[in-house]
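Trainee: Kindly generate the corresponding structure for this input.
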Amino acid sequence: SKSPRNKYRIYFETRKFIMKKILVTILCFIETFVMSNFALAEDNNMSTYNLYVNSKHIEENNIIMRESVMLFPFRTIFESLGASVIWNDLNGDIDVQYKGKKYICYISEPNPGYGKYFYVKDVDTNENIKLTPMSMGGGFDIVNDYTYLYREAAERLFTALGCTVTVDSEKNDVYINIKE
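Mentor: Sure thing, here's the model as predicted:
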């Protein structure tokens, strides 16, 4: 038979073991929660540049930096320029009406296995606006369900549509203006 002293020792050691397991579990949960919120905050709060379209400061879906790549919010800029932007549920394309012209924007993988690319096609001419060299990667990224264009792709697109694009790195400002 076990002495009362041994019973208490076993009881306390078992209790100590259980408490350690609970503490480790709680710490793991806290670490997971904090790290997942940090990752979400990184996607939600990456904005480091101010965006101005036609001299108006844009507050939402701003320019963001991701791994030192500047990303321009596609829909936000077009709508700020006065364009109509409509998501086409049937085929996943984006229809844009801008200055009386229609553009179809779509994502395609021209060479399977080498990544997807973002295209903007002028419906009148049936030609794509050249956004990026194929070696640059697809020219776009999806962040929190919004389409963002890489800086070079955005500069090429909005310049082709008659806008000026200026990046002031000292002030962390980006200006996109319709040429007069």
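
Trainee: quick one: the helices in the chain?
Mentor: With DSSP state H, the ranges of helices along the chain come out as 4-44, 74-80, 151-160.

Trainee: Can you flag the weakest of the ones you listed by average pLDDT?
Mentor: Note on these: lowest mean pLDDT is at helix 4-44, with a mean of 62.

Trainee: what's the distance between the most centrally placed residue in the chain and residue 89?
Mentor: For the chain, the residue sitting closest to the mean C-alpha position, by C-alpha atoms, centre = their mean, is residue 143 at 2.2 Å. Plainly put, residue 143 is 21 Å away from residue 89 if you go by C-beta to C-beta, to the nearest Å. Bear in mind the C-beta positions are built from the backbone N, C-alpha and C, glycine included.

Trainee: same thing with residue 77?
Mentor: 22 Å.

Trainee: swap in residue 19?
Mentor: From residue 19 to residue 89 the distance is 54 Å (C-beta to C-beta).

Trainee: Just give me the neighbour total for residue 116.
Mentor: 16 (other C-beta atoms under 10 Å).

Trainee: Need the pLDDT of it.
Mentor: So residue 116 comes in at 82 (pLDDT).

Trainee: how much space between it and residue 151?
Mentor: Taking C-beta to C-beta, one finds residue 116 at 18 Å from residue 151.

Trainee: same check, this time on residue 72
Mentor: Residue 72 is 7 Å from residue 151, by C-beta to C-beta.

Trainee: Comparing those two, which residue is more hemmed in?
Mentor: Between residue 72 and residue 151, counted using other C-beta under 10 Å, residue 72 has the larger neighbour count: 27 against 17.

Trainee: Let me see the contact set for the more buried one.
Mentor: Counting by C-beta atoms under 8 Å, 6 or more residues apart in numbering, residue 72 touches 51, 63, 148, 149, 150, 151, 153, 154, 174.

Trainee: Mind checking which of those are buried?
Mentor: 51, 63, 148, 149, 150, 151, 153, 154, 174 (16 or more other C-beta atoms under 10 Å).

Trainee: which of those residues lies closest to residue 96?
Mentor: Among the buried ones among the contacts of residue 72, residue 149 lies closest to residue 96 (C-beta to C-beta), at 12.8 Å.

Trainee: Nearest residue to that closest one in space, ignoring adjacent ones along the chain?
Mentor: Nearest residue to residue 149 in three dimensions, chain neighbours excluded: residue 72, at 4.8 Å (C-beta to C-beta, 6 or more residues apart in numbering).
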